[in-house]
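Trainee: Sequence first, predicted model second:
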Amino acid sequence: MSGTSADGIDACLVKIDNAKKKLRVKTLGCKTYRFPQKLQQKIIQISDPSYQDLDEVLRLNMVLGEYFARAVFSVAKAFGDDISAIDLIGSHGQTVRHLPECKKRFGKKVRATLQIGEPSVIASKTGIVTVGDFRQGDIARGGEGAPLTPYIHHLLFGDKRISRMVINIGGIANVTVLPRQAKLDEVFAFDTGPGNMIVDNLAKKLFNRNFDKNGKIASSGKVNSNLLSRLKKNKYFNKRPPKSCGRENFGEEFVGNILIQSKKSKVKPEDIITTASELSVWSIFHAYEKFVKPKVKLNQVLLSGGGVHNRYFLKRLKLLFDPIKAMSVRELGVDPDFLEAISFAILANQTIEGKPVSFKKTTGAKKPGILGKICLP
């Protein structure tokens with residue numbers, strides 16, 4: 001898969017054992033294959049809600065299919081497996097538009113989402129059955145198409161004795177709530193709001209950096225309370241789950257408004273980064289207090305995604321959730337950088353097995369969904 005930052009493809013080689021009705025997953029190796037800078041810039045450009053050149057989107061869909069196929073060959077070679085030994089590919093692709101809000105068009109109320117990186121190209125180039133385009137099936141069932149990883153979180157982190165909440169901090173942050181002894185249909189999940197997205201964008205504009213490495217800039221500044229107070233008023237934060245969001249909510253327009261407000265109030269560049277970082281942290285904890293705490297008493301909080309490397313995020317979340325222990329999923333033997341890529345390998349397996357992976361309490365779908373389109377070589 002490729003995430004919101006569009007910096008490259010996360011590829012994982014995974015062995016899945018379906019024996020004895022208990023799914024067992026072993027990760028053989030993971031690696032990130034970086035996109036050329038100009039390709040990354042183009043992906044981010046076409047992901048902006050104002051972008052309208054459909055021809056370019058269609059061509060990039062095929063181009064990314066080629067890049068994803070190349071990543072398959074590369075990850076197989078890197079971890080000593082012949083390409084012929086691979087049975088199945090699961091590809092999330094690259095999200096370029098996510099429209100989960102239901103709107104009426106020609107007498108029909110619809111949601112929409114678009115992931116590019118054509119799975120038919122991957123199947124053709126590799127000669128391996130490929131499952132892709134997972135989110136469309138959930139949208140078709142009345143869901144929001146996100147988040148799709150709660151099934152995996154339940155599989156890997158569900159516990160009979162303790163209640164956990166998984167926080168994935170990618171471009172967007174999402175949570176999965178796993179009450180102790182919870183069955184799949186008792187798990188609930190939703191996007192809380194921005195993760196790294198706003199901070200990455202501001203780091204580029206203000207410091208010419210792709211992201212705030214280790215949260216260093218955020219740690220050097222101060223929160224501007226007036227600016228933060230204005231940002232907290234965004235309607236998404238108080239919208240009830242199930243819900244999901246993307247660049248349409250927290251992309252260029254949102255960042256542009258931050259810069260306009262900051263200029264008027266003469267907020268220092270490092271303080272803008274700190275304030276934006278605090279917004280991400282606050283929105284996660286606010287979501288917990290408003291939508292999770294009244295329902296479930298948590299014992300642990302598990303952190304995943306690129307945001308776990310941001311020391312500002314980590315420090316603040318541990319402080320806010322105290323006395324609930326907040327820790328990286330690495331402590332449970334899972335690489336936080338590759339959990340989502342591993343997830344789509346498992347989701348592809350479940351597609352072939354004919355098993356549903358999305359539910360009403362995770363995406364809002366009206367009925368459990370078997371997701372993904374199967375593309376033959």
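Mentor: Sure, I can see it. Since the structure is predicted, the reported quantities are computational estimates derived from the model, not experimental observations.
Trainee: contacts and neighbour counts: CA atoms only from here.
Mentor: Will do.
Trainee: Tell me where this protein has strands.
Mentor: Taking DSSP state E as the test, the strands found in the chain are 8-17, 24-34, 89-91, 94-105, 108-116, 130-132, 164-169, 172-178, 188-194, 300-304, 325-328, 373-375.
Trainee: Not counting its neighbours along the chain, what's nearest residue 17?
Mentor: residue 24 (5.0 Å; Cα to Cα, 6 or more residues apart in numbering).
Trainee: how about that neighbour, what does it touch?
Mentor: Contacts for residue 24 were tallied using Cα atoms under 8 Å, 6 or more residues apart in numbering; they are 16-18.
Trainee: Tabulate those residues (a markdown table), appending pLDDT.
Mentor: Below are those laid out as a markdown table (pLDDT from 0 to 100):
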| residue | pLDDT |
| --- | --- |
| 16 | 94 |
| 17 | 92 |
| 18 | 82 |
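Trainee: Now flag whichever of these is closest to residue 100.
Mentor: Proximity of the contacts of residue 24 to residue 100 (Cα to Cα) peaks at residue 16, which lies at 31.6 Å.
Trainee: Check the gap between the closest residue to that closest one other than its chain neighbours and residue 345 for me.
Mentor: Nearest residue to residue 16, sequence neighbours excluded (Cα to Cα, 6+ apart): residue 25, at 4.7 Å. Distance, residue 25 to residue 345, by Cα to Cα, to the nearest Å: 10 Å.
Trainee: and residue 205, how many neighbours?
Mentor: Residue 205 has 14 neighbours, counted by other Cα atoms under 10 Å.
Trainee: Can you check the pLDDT for residue 92?
Mentor: With respect to pLDDT, residue 92 scores 98.
Trainee: Is it correct that it is in contact with residue 115?
Mentor: Yes. With contacts counted by Cα atoms under 8 Å, residue 92 reaches residue 115, the gap being 7.4 Å.
Trainee: Mind listing the shared neighbours of the two?
Mentor: The contact lists of residue 92 and residue 115 share residue 133, where a contact means Cα under 8 Å, 6+ apart.
Trainee: Who has more neighbours out of these two?
Mentor: Ranked by neighbour count (other Cα under 10 Å), residue 92 and residue 115 place residue 92 first, with 26 against 20.
Trainee: ok, that one - contacts?
Mentor: Going by Cα under 8 Å, 6+ apart, residue 92 touches 1-2, 115, 132-134, 344.
Trainee: With residue 289 instead?
Mentor: Counting by Cα under 8 Å, 6+ apart, residue 289 touches no other residue.
Trainee: where does it land on pLDDT?
Mentor: 98.
Trainee: Tell me who's in contact with residue 1.
Mentor: Applying Cα under 8 Å, 6+ apart, the residues contacting residue 1 are 9-11, 91-94, 340-341, 344.
Trainee: Just the buried residues of those residues.
Mentor: Neighbour-count burial (16 or more other Cα atoms under 10 Å) applied to these gives 9-11, 91-94, 340-341, 344.
Trainee: Out of the residues you listed, flag the one nearest to residue 272.
Mentor: Distance to residue 272, by Cα to Cα, is smallest for residue 94 among these, at 28.5 Å.
Trainee: Show me what that closest one is bridged to.
Mentor: Assessed by DSSP bridges, residue 94 has beta-bridge partners residue 2, residue 116.
Trainee: Make sure it is actually in contact with residue 116.
Mentor: Yes. Between residue 94 and residue 116 there is a contact at 5.1 Å, judged by Cα under 8 Å.
Trainee: export the strands of the chain to CSV and tack on distance to residue 47?
Mentor: Formatted as CSV, those follow (distance: least, Cα to Cα, whole Å):
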stretch, distance to residue 47
strand 8-17, 15
strand 24-34, 18
strand 89-91, 19
strand 94-105, 4
strand 108-116, 10
strand 130-132, 19
strand 164-169, 19
strand 172-178, 14
strand 188-194, 16
strand 300-304, 24
strand 325-328, 30
strand 373-375, 22
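Trainee: Those: which one's closest to residue 268?
Mentor: Closest approach to residue 268 among the strands of the chain (Cα to Cα): strand 188-194, 21.3 Å.
Trainee: would you list every one of the helices in the stretch 251-377 of the chain?
Mentor: Here the stretch 251-377 of the chain has its helices, by DSSP state H, counting those that start in this stretch, at 252-265, 269-287, 311-321, 339-353, 360-363.
Trainee: Quick check: buried residues in stretch 343-355?
Mentor: Within stretch 343-355, the residues that count as buried by 16+ other Cα under 10 Å are 343-351.
Trainee: picking that back up, which residues are in contact with both of residue 25 and residue 345?
Mentor: Joint contacts of residue 25 and residue 345 (Cα under 8 Å, 6+ apart) are residue 14.
Trainee: Need the buried residues of stretch 343-355 in CSV (columns: pLDDT and distance to residue 257).
Mentor: Below are the buried residues of stretch 343-355 laid out as CSV (pLDDT from 0 to 100; distance: Cα to Cα, whole Å):
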residue, pLDDT, distance to residue 257
343, 97, 35
344, 97, 35
345, 97, 38
346, 96, 39
347, 97, 38
348, 98, 40
349, 96, 43
350, 96, 42
351, 97, 42
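Trainee: distance of the nearest residue to residue 137 once chain neighbours are set aside from residue 251?
Mentor: Nearest residue to residue 137, sequence neighbours excluded (Cα to Cα, 6+ apart): residue 371, at 5.2 Å. For residue 371, the distance to residue 251 equals 27 Å [Cα to Cα].
Trainee: And the residue nearest to residue 137, how close does it get to residue 346?
Mentor: For residue 371, the distance to residue 346 - Cα to Cα - is 12 Å.
Trainee: And for residue 292?
Mentor: For residue 292 relative to residue 346 (Cα to Cα), the value is 27 Å.
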